[in-house]
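*Asks:* Predicted model follows, preceded by the sequence.
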Amino acid sequence: MRFAGQTGWAVAAGGKIYRSVDGGQSWATQDSTTTGDLYAVWAVSASEAWAAGAAGKILRTTDGGTIWSSIDGPSIRTLRDLVCNGTRCLAVGEQGTILEYASGTWASKVSGTPQTLNRVVFVGGLGVVVGSQRTVVTEAAGGAWSATTKDLGLGSTQTGAWFALATRAAGGAWVAGEAGSLGRISGSGGADEGAVTTYLTKSDLRGLSGKGDVSVAVGAQTILRSGDGAAWTAVAGAGARNLNDVVFASATVVFAVGSSGAILKSTDAGQTFGDLTSGQNFELRGVTCLDANLCWAGGAGEVMLKTSNGGTSWGTKLGVYGTNAVSFADPLNGVLVIDNQYVGNQYTGVLYSIDGGDTWTSYQNYSTGRGVSMASGTSGYYVGNSGSNYCQEKAGLSSGGGGVAATIFQLVPNGGGGVRWETALSAGIDYAGDCFFGVVPRSGGKVIAAGTQGLFGRDLGERGWVQLPPPTRERDLFDLRESSPGKIIAVGERGTILTSDTGGL
């Protein structure tokens, strides 16, 4: 995503291009003339922009995006980033590809490395590029390029990719990469280069909840807390356990669940946590509360846990194996989503209860449920997929078979006084291989779902599907919540936290 003043462009998979003329408050789609994935865009002005992506595709517009023209480039290798400085542009990508645009044509440059190059910036008018295996490629004043490996003192265990690059006001650039690594580099090396260890966690964050301005995120051996969604601090209590979900039961009471039957409780809005006794040793994956006393939790075992006294004791109700998430709209009406399995006389990935979780009835479908959000006994959404190995592994579960189709289901009246689930969206065609892990309903019939390759938006009224321009495409997102009206927070791989103060749209 790049802006020139109030006008900006964003690109996505399937050749999608979006343009905003109001500083990103609203976006309109444009015809890119290609179906290939686009990974980079640069706004030169309000009328001129470049885009690049798979198979060396380069596009250009000079009329604000009314027409995007395909430009013959010298490479068929995927391009990952693009930057312009005046009339000169650089594009970088796979197998050490560096392309330069000058005097009206694109030409290949010798990078000196076979590594994939992910980002490029201009520092003092000269190019600086970073990529896999800690590769840094710099341009000399005469136009020659040289490659080196810079681990910036992070050690031999930090041998992954550099993903992000940004110029520094003090000169040189900031560089960020795998496992939360952050450093600073200069175009020509020097004493100013080194590691910056400001990250809080390298762990995947799988659960998130908020109340007002306070949010809590949980993951592998990790609890993070924020008072504003921007600054986060680590909180003790997780120990060696992996935590999968967290919920604010009130403004001060918070519950978290995880491996080995772990249930944690905070009574000071997530500042400290203590252990509760669940009486179980299986992995708990989901927890939901209606108030500080009434909560439900479920997971890998064949029982659903329920407390009516704030977690002092947990009763068990017969459930199904493989609960991934649970949501109750009121003390009686609830939904749990599960690994797709044969329940009763049909396959299902979702069950509902009208008696507070004492009994559960299945809906027939063939999708594994991942996340659910109920607004009332007759209104709600859940998301899932058909259970591919990739989606199972990303969800932290054992592998399962089947195809892939990221799906949103909507609860609707059935005309006979009851309700039914219908498919609101199946993204398997446009986004084959994607998985959804969390969902948040928004006003006006809109839904936001979190999953692979960032955030997705959905307008149910128009029955159209839009992939929102994501701040991250290298990391998958596992949960999202509306912590206060209009404020959306999402969490994901390797400590990723995203925030939006505009409802996520």
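*Replies:* Happy to help now that I have it.
*Asks:* mind saving the C-alpha coords of stretch 225-241 as PDB?
*Replies:* Extracted in PDB, the C-alpha atoms of stretch 225-241 (Å, rounded to 0.1, in the frame of the first residue of the first chain):
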ATOM      1  CA  ARG A 225      -1.700  -6.700  27.800                       C
ATOM      2  CA  SER A 226      -2.300  -3.200  26.400                       C
ATOM      3  CA  GLY A 227      -4.100  -0.200  27.800                       C
ATOM      4  CA  ASP A 228      -4.500   1.500  24.400                       C
ATOM      5  CA  GLY A 229      -3.900  -1.200  21.700                       C
ATOM      6  CA  ALA A 230      -0.600   0.400  20.700                       C
ATOM      7  CA  ALA A 231       1.800  -0.300  23.600                       C
ATOM      8  CA  TRP A 232       1.900  -3.800  25.000                       C
ATOM      9  CA  THR A 233       3.600  -5.400  28.000                       C
ATOM     10  CA  ALA A 234       4.300  -9.000  28.900                       C
ATOM     11  CA  VAL A 235       2.300 -10.500  31.900                       C
ATOM     12  CA  ALA A 236       3.400 -13.500  33.900                       C
ATOM     13  CA  GLY A 237       1.200 -16.500  34.400                       C
ATOM     14  CA  ALA A 238       1.300 -18.600  31.300                       C
ATOM     15  CA  GLY A 239       4.400 -20.600  32.400                       C
ATOM     16  CA  ALA A 240       5.200 -23.400  30.000                       C
ATOM     17  CA  ARG A 241       1.700 -23.700  28.800                       C
END
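*Asks:* Show me what the strand or helix carrying residue 223 is in contact with.
*Replies:* With secondary structure defined by DSSP states H and E, residue 223 is part of strand 222-226. Identification of contacts with strand 222-226 by Cβ atoms under 8 Å, 6 or more residues apart in numbering yields 200-201, 203, 205, 214-218, 232-238, 243, 256, 264, 270-271, 273, 495, 497. Glycine gets a C-beta too; all of them are placed from N, C-alpha and C.
*Asks:* hmm, 6 Å instead?
*Replies:* Residues outside strand 222-226 that contact it (Cβ atoms under 6 Å, 6 or more residues apart in numbering): 201, 203, 215-217, 232-233, 235, 237-238, 270.
*Asks:* avg pLDDT for that strand?
*Replies:* Mean per-residue pLDDT for strand 222-226: 89.
*Asks:* Which SSE is immediately downstream of that strand?
*Replies:* strand 232-234.
*Asks:* CA atoms of the helix or strand just after that next one as CSV?
*Replies:* Counting by DSSP H and E, the next helix or strand C-terminal to strand 232-234 is strand 243-248. In CSV, the C-alpha atoms belonging to strand 243-248 read as follows (Å, rounded to 0.1, in the frame of the first residue of the first chain):
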residue,chain,number,x,y,z
LEU,A,243,-2.8,-20.5,25.7
ASN,A,244,-5.4,-20.6,23.0
ASP,A,245,-8.2,-18.2,23.9
VAL,A,246,-9.0,-15.4,26.3
VAL,A,247,-12.2,-13.5,27.2
PHE,A,248,-13.1,-10.5,29.3
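*Asks:* Start at 550, not 1
*Replies:* Sounds good: first residue 550 from here, last item strand 792-797.
*Asks:* List the buried residues in strand 792-797.
*Replies:* Within strand 792-797, the residues that qualify as buried are 792-797, counting by 16 or more other Cβ atoms under 10 Å.
*Asks:* from these, which two are the most distant?
*Replies:* Across the buried residues of strand 792-797, the longest distance by Cβ to Cβ is 16.0 Å; it joins 793 and 797.
*Asks:* Could you pull out the strands in the stretch 600-749 of the chain for me?
*Replies:* With DSSP state E, counting those that start in this stretch as the criterion, the stretch 600-749 of the chain has strands at 607-610, 618-620, 628-634, 637-642, 647-651, 654-658, 666-672, 675-680, 684-688, 694-698, 711-716, 722-726, 731-734, 743-744.
*Asks:* mean pLDDT for the ones you listed: which is lowest?
*Replies:* Lowest mean pLDDT within the strands of the stretch 600-749 of the chain: strand 743-744, at a mean of 52.
*Asks:* Which SSE is immediately downstream of that one?
*Replies:* Assigned by DSSP H and E, the successor of strand 743-744 is strand 754-760.
*Asks:* Neighbouring strands of the strand holding residue 772 in the sheet, and parallel or not?
*Replies:* When pairing is defined by DSSP bridges, strand 771-775 lines up against strand 763-768 (antiparallel), strand 781-783 (antiparallel).
*Asks:* right, and the ones you listed - which one's nearest residue 687?
*Replies:* With Cβ to Cβ as the criterion, residue 687 lies closest to strand 781-783 of those, at 33.4 Å.
*Asks:* Give the buried residues for that closest one.
*Replies:* residue 781.
*Asks:* repeat for stretch 1036-1051
*Replies:* 1036-1049.
*Asks:* Tabulate the residues you listed (JSON lines), appending pLDDT, distance to residue 578 and secondary structure.
*Replies:* Formatted as JSON lines, the buried residues of stretch 1036-1051 follow (pLDDT from 0 to 100; distance: Cβ to Cβ, whole Å; DSSP: H, G, I helix; E, B strand; the rest coil):
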{"residue": "1036", "pLDDT": "74", "distance to residue 578": "26", "secondary structure": "strand"}
{"residue": "1037", "pLDDT": "78", "distance to residue 578": "22", "secondary structure": "strand"}
{"residue": "1038", "pLDDT": "78", "distance to residue 578": "27", "secondary structure": "strand"}
{"residue": "1039", "pLDDT": "79", "distance to residue 578": "23", "secondary structure": "strand"}
{"residue": "1040", "pLDDT": "77", "distance to residue 578": "28", "secondary structure": "strand"}
{"residue": "1041", "pLDDT": "77", "distance to residue 578": "25", "secondary structure": "strand"}
{"residue": "1042", "pLDDT": "73", "distance to residue 578": "28", "secondary structure": "helix"}
{"residue": "1043", "pLDDT": "68", "distance to residue 578": "31", "secondary structure": "helix"}
{"residue": "1044", "pLDDT": "69", "distance to residue 578": "32", "secondary structure": "helix"}
{"residue": "1045", "pLDDT": "75", "distance to residue 578": "26", "secondary structure": "coil"}
{"residue": "1046", "pLDDT": "74", "distance to residue 578": "28", "secondary structure": "strand"}
{"residue": "1047", "pLDDT": "77", "distance to residue 578": "22", "secondary structure": "strand"}
{"residue": "1048", "pLDDT": "74", "distance to residue 578": "25", "secondary structure": "strand"}
{"residue": "1049", "pLDDT": "74", "distance to residue 578": "20", "secondary structure": "strand"}
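*Asks:* so which of these would you say is closest to residue 561?
*Replies:* Nearest to residue 561 among those is residue 1047, at 15.9 Å by Cβ to Cβ.
*Asks:* In the beta-sheet assignment, what are the partners of that closest one?
*Replies:* With DSSP bridges as the criterion, residue 1047 is bridged to residue 1039.
*Asks:* next one: residue 732
*Replies:* Here residue 732, judged by DSSP bridges, has bridge partners residue 724, residue 744.
*Asks:* Around it, count how many other residues there are.
*Replies:* 24 (other Cβ atoms under 10 Å).
*Asks:* Roughly how far does residue 874 sit from residue 866?
*Replies:* To residue 866, residue 874 is 17 Å away according to Cβ to Cβ, to the nearest Å.
*Asks:* and these two? which has more neighbours close in?
*Replies:* Comparing residue 874 with residue 866 by other Cβ under 10 Å, the one with more neighbours is residue 874, at 29 against 17.
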